[in-house]
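Chemist: can't give you the sequence, but here's the structure:
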């Protein structure tokens, strides 16, 4: 992977979250809104060949979102990390055997955890 491609993925996913979350939080605090920031982080727990930049950037977004939850929670701003996973519905694996869902960790990893409160 060229360094420029790595930097582009991190610029969009990590730097974008780093810059936009505080800007959004300032707007919410000024308007006295209780708000929720939701970071969708699908690649942080599922490694796949050829996706090192994406997976690493999503892992960075996930931990940064937990820090934002701790920092913004006292202002009444919730920060949620959503990590959707594939669900193997009846018939899907039979119809598409090459697309079996990958596991993303132990069953407890899908439970909701609050980092900020």
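Modeler: It's in. What you are looking at is a predicted structure, and each value in this text was computed from that prediction instead of being measured.
Chemist: C-alpha only now, for contacts and for neighbours.
Modeler: Fine.
Chemist: Let me know the average pLDDT across the longest helix anywhere in the chain.
Modeler: Ranked by number of residues, the top helix in the chain under DSSP state H is helix 52-72. The pLDDT scores in helix 52-72 average 91.
Chemist: Now do the buried residues in it.
Modeler: 53-62, 64-66, 68-70, 72 (16 or more other C-alpha atoms under 10 Å).
Chemist: how about the residue nearest to the spatial centre of the chain, what does it touch?
Modeler: Centrality entry for the chain: nearest residue to the mean C-alpha point is residue 41, 2.2 Å, by C-alpha atoms, centre = their mean. Counting by C-alpha atoms under 8 Å, 6 or more residues apart in numbering, residue 41 touches 58, 59, 61, 62, 81, 82, 83, 84.
Chemist: Which one of these is nearest to residue 3?
Modeler: Residue 3 lies nearest to residue 58 out of the contacts of residue 41, by C-alpha to C-alpha, at 17.3 Å.
Chemist: Let me see the ranges of the helices in this protein.
Modeler: Assignment of helices within the chain using DSSP H yields the ranges 3-10, 16-30, 52-72, 92-95.
Chemist: my guess is residue 9 meets residue 53, correct?
Modeler: Yes. Between residue 9 and residue 53 there is a contact at 6.4 Å, judged by C-alpha atoms under 8 Å.
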